[in-house]
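Undergrad: Below are the sequence and a predicted model for it; my questions follow.
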Amino acid sequence: MGVVTAPKQDRSRATRQRLLAAAVACLAEHGWAGSTVSAVAERAGVSRGAAQHHFPTREDLFTAAVEYVAEERSQALRALPTQDRTAVVAALVDLYTGPLFRAALQLWVAASNEEQLRSRVTELEARVGRDTHRIAVQLLNADESRPGVRETVQGLLDMARGLGLANLLTDDAARRDRVVAQWAGLLDEALG
């Protein structure tokens, strides 16, 4: 019996992961209005029924997708070496310049207009934000018991988000690299 259920569970997990990845890509490329369960199912190579089996509502699918990919990114961040502040700052900034940020931004905009989505996205954003802040503190070896350190780390994350917004319309890589280098230097001074 166990031999039969393990492959089915593995297939179910793989289907779920394909749906989540497809949902993030769809949101990033087409926005909320252009992202339907059918479009995501097609992109993931599964039936609409299979998609709805895993995620009964559109809101379930897209909030789970952003949460899943955010967790994947958090795990990758946690694995970074902490010796090089510039690399840490660059990695934190990269969180806000890729498809996950684009997808999350589309979800935020949709939530601002759709009441049933707002509370879910607000709660998700708060949880992801807390997790990202915790990881940043660890990677930067920041001592938040010192005055101003918490705000310095939060300022870094806010700046990174701003760079991500600037990158939505044009490739801002050259300016972003200069800003990352400057912030790494400022963090060396502020954090010791």
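TA: Structure received. Numbers count the residues shown, from 1 in each chain.
Undergrad: Would you enumerate the residues in contact with the closest residue to residue 148 other than its chain neighbours?
TA: Among residues not flanking residue 148 along the chain, residue 190 sits closest, at 7.1 Å (C-beta to C-beta, 6 or more residues apart in numbering). Every C-beta, even on glycine, is put in place using the N, C-alpha and C of the backbone. For residue 190, the contact set (C-beta atoms under 8 Å, 6 or more residues apart in numbering) comprises 148, 149, 152.
Undergrad: and what of residue 95?
TA: Under the criterion of C-beta under 8 Å, 6+ apart, the neighbours of residue 95 are 73, 77, 101, 132, 160, 164.
Undergrad: Mind pulling up the pLDDT for it?
TA: In this model, residue 95 is scored at 85, pLDDT.
Undergrad: Next up, the contacts around the nearest residue to residue 108 once chain neighbours are set aside.
TA: Excluding the flanking residues, the one nearest residue 108 by C-beta to C-beta, 6+ apart is residue 121, at 6.2 Å. Neighbouring residues of residue 121 by C-beta under 8 Å, 6+ apart: 63, 107, 108, 110, 111.
Undergrad: List only those of the contacts of residue 190 flagged as buried.
TA: Burial by neighbour count, 16 or more other C-beta atoms under 10 Å: within the contacts of residue 190 this picks out 149, 152.
Undergrad: Wait, residue 38 touches residue 48, no?
TA: Yes. Judged on C-beta atoms under 8 Å, residue 38 makes contact with residue 48 at a distance of 5.2 Å.
Undergrad: in which helix or strand would I find the residue nearest to residue 102 when sequence neighbours are not counted?
TA: Nearest non-adjacent residue to residue 102, counting by C-beta to C-beta, 6+ apart: residue 28, 3.8 Å away. Using DSSP states H and E, residue 28 maps to helix 2-30.
Undergrad: Could you give me the buried positions within that helix?
TA: In helix 2-30, residues buried by neighbour count (16+ other C-beta under 10 Å) are 15-16, 18-28.
Undergrad: before we move on, what about stretch 87-101?
TA: 88, 89, 90, 91, 92, 93, 94, 95, 96, 97, 100, 101.
Undergrad: about what we covered before: select from the contacts of residue 190 every entry located in strands.
TA: With strands taken from DSSP state E, there is no overlap with the contacts of residue 190.
Undergrad: quick one: buried residues of stretch 173-182?
TA: Quick answer for stretch 173-182 (16+ other C-beta under 10 Å): 176, 179, 180.
Undergrad: And the average pLDDT for it is what?
TA: For stretch 173-182, mean pLDDT is 89.
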